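Asker: next come a sequence and a model predicted from it.
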Amino acid sequence: MFSRELRRSRRLWLSLTPWKQRLLFWSGAVAVGATAAFFAIGSEHAIDWFGRLIAPSPWLALLVTPAGLALTAYLTRRYFSGAQGSGIPQTIPPCTPTTRRCASGCCRCAWPRARSR
């Protein structure tokens, strides 16, 4: 019995397929971490740049901030037309209270169960 478990354990540890999956998983984790670090560094640079931009007058922020919002809205509508309205509202309809399953069937939704009285 011990030798059978040892063979099974050896097969699991020496097989190439689980190690490929582990490598893929950890590579994704490193990529997500690097992306998060990149965005954190970028946000620090943006904050520094904004501080230098409004340094002559703090009231300048009242002009720059709405102008930046308008520019962002224009660029989004002009070049990224599929991005409007993206977010949580699009994720809610696939989950229905009757099936308690997502449309793809991959996961259960967090709909509360109806109490029977």
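Answerer: Nice, thanks for sending it over. Numbers count the residues shown, from 1 in each chain.
Asker: can you map out the helices along the chain?
Answerer: 2-14, 16-53, 61-79, 88-91 (DSSP state H).
Asker: what about residue 66, distance to residue 22?
Answerer: Computed as C-beta to C-beta, to the nearest Å, the residue 66 to residue 22 distance reads 49 Å. C-beta here means a position set from N, CA and C on the backbone, and glycine is covered the same way.
Asker: same check, this time on residue 58
Answerer: From residue 58 to residue 22 the distance is 52 Å (C-beta to C-beta).
Asker: for residue 61, grab the count of nearby residues.
Answerer: For residue 61, the neighbour count with other C-beta atoms under 10 Å is 13.
Asker: for the one 10 residues further on, same thing?
Answerer: Around residue 71 there are 10 other residues, counting by other C-beta under 10 Å.
Asker: how about residue 8?
Answerer: 10.
Asker: let me see the confidence value for it.
Answerer: pLDDT, residue 8: 78.
Asker: for residue 72, give its distance to residue 47.
Answerer: 17 Å.
Asker: by mean pLDDT, show me the worst of the helices of the chain.
Answerer: helix 88-91 has the lowest average pLDDT among these, namely a mean of 62.
Asker: enumerate every residue touching residue 47.
Answerer: For residue 47, the contact set (C-beta atoms under 8 Å, 6 or more residues apart in numbering) is empty.
Asker: quick one: it from residue 41, how far?
Answerer: 11 Å.
Asker: and what of residue 31?
Answerer: Distance from residue 31 to residue 41, by C-beta to C-beta: 16 Å.
Asker: now for residue 23: which residues touch it?
Answerer: Residues near residue 23 by C-beta under 8 Å, 6+ apart: none.
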